[in-house]
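Chemist: Got a sequence here, can you build the structure:
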Amino acid sequence: MTDQHEDRPGAPGPAARSATAGPAVAGPAVAGSATAVAADAGERILTIPNLISFARLLGVPVFLWLVLGVRSKTGDWWAVGLLAASGVSDWLDGKIARALHQQSRLGQVLDPAADRLYIVATVIALAVRAIIPWWLVAVLGIREVVMGAVLLLLRRRGWASLQVSFAGKTATLCLLYAFPLLFLGSHAASYAGVMRIIGWSFAIWGSALYWWAAGLYIVQARQLLAETNAGPVPGGAP
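Modeler: Next comes the predicted model:
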């Protein structure tokens, strides 16, 4: 996963972030100019990283068609290739965004949205084909609902997101490794047994880390809400 976007529970809202941006000694004119440039950059839509993220999103229905429509060994290999391409492009768009200074608010939404859509699509496709049990779908789905509620509460209190944790990034990476391996493990082939063992190892560790990361995010959220209740958020946020 890239560190440009992802599951971002924990930074303060735009007003709070602007309080720490730029040199402390900059005069009003310089500070105003820097703020205007940063705002313009954040609002950009047609950037190379955003186009890559759009392409990743368009790949989700193709992936579902390959897995649930084609339902063949060849289709599964193409689906795994698409997941691999999505992972590479996820890393690439973050590198490009930082190298060309093309970070944007839209990118911060598109990139994690693409990650989650691929995970959701893969989990449901595996369950429909009886490769994984539906209880695993429930375990991952309930976690997403919990985190969605936490983020919604934070945004209502003026906080934009949470700091990405190493556990959360590792969990997502484990799951993105697990699902393609489980697909290949469902084939009647010599490699199937090894693929199933490795795939389930990643799935179990990934699911455990996913919930561990959720616990860390909830702790962060409680701390942020406690700061909000104690007084105004620095920079003017409520």
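
Chemist: His187 looks like it's in a strand, true?
Modeler: No: assigned with DSSP: H, G, I helix; E, B strand; the rest coil, His187 falls outside any strand and is coil.

Chemist: Which residue is the nearest non-sequential neighbour of it?
Modeler: Nearest residue to His187, sequence neighbours excluded (C-beta to C-beta, 6 or more residues apart in numbering): Lys73, at 5.4 Å. Every C-beta, even on glycine, is put in place using the N, C-alpha and C of the backbone.

Chemist: what about that neighbour, distance to Phe202?
Modeler: 21 Å (C-beta to C-beta, to the nearest Å).

Chemist: Read off the pLDDT value for the residue nearest to His187.
Modeler: With respect to pLDDT, Lys73 has a value of 87.

Chemist: Please tell me how far it sits from Asp111.
Modeler: 31 Å.

Chemist: These two: who's more crowded?
Modeler: Asp111 (27 against 14; other C-beta atoms under 10 Å).

Chemist: elements contacting the strand or helix carrying that one?
Modeler: Assigned by DSSP states H and E, Asp111 belongs to helix 105-128. In terms of contacts (3 or more C-beta pairs under 8 Å, 6 or more residues apart in numbering; DSSP states H and E), helix 105-128 is packed against helix 48-64, helix 73-99, helix 134-156, helix 166-185.

Chemist: what would these look like in CSV with distance to Leu126?
Modeler: CSV is the format used below for these (distance: least, C-beta to C-beta, whole Å):
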stretch, distance to Leu126
helix 48-64, 12
helix 73-99, 11
helix 134-156, 8
helix 166-185, 6
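
Chemist: Can you check which of those helices gets nearest to Gln220?
Modeler: helix 134-156 (9.0 Å; C-beta to C-beta).

Chemist: average pLDDT across the closest one?
Modeler: 89.

Chemist: roughly how far out does that helix sit from the chain middle?
Modeler: Put simply, helix 134-156 sits 13 Å off its chain's centre (C-alpha atoms, centre = their mean, to the nearest Å).

Chemist: now stretch 122-141
Modeler: Distance of stretch 122-141 from its chain centroid, counting by C-alpha atoms, centre = their mean, is 19 Å.

Chemist: cool, stretch 106-124 as well?
Modeler: When distances are taken as C-alpha atoms, centre = their mean, stretch 106-124 is centred 6 Å away from the chain's centroid.

Chemist: can you offset everything so residue one is 370?
Modeler: Sure, I'll start counting at 370 from here, so that last one is stretch 475-493.

Chemist: what pLDDT, on average, does it get?
Modeler: Mean predicted lDDT for stretch 475-493 stands at 82.

Chemist: in this protein, which ranges drop under the pLDDT threshold?
Modeler: 370-412, 530, 599-607 (pLDDT under 70).

Chemist: Longest helix in this structure, please.
Modeler: helix 561-599 (DSSP state H).

Chemist: What helices and strands are in contact with that helix?
Modeler: Packed on helix 561-599, when contacts are counted by 3+ C-beta pairs under 8 Å, 6+ apart, are helix 503-525, helix 535-554.

Chemist: Quick one, which of those gets closest to Ala490.
Modeler: Of all the helices and strands packed on helix 561-599, helix 535-554 sits nearest to Ala490, with 9.5 Å by C-beta to C-beta.
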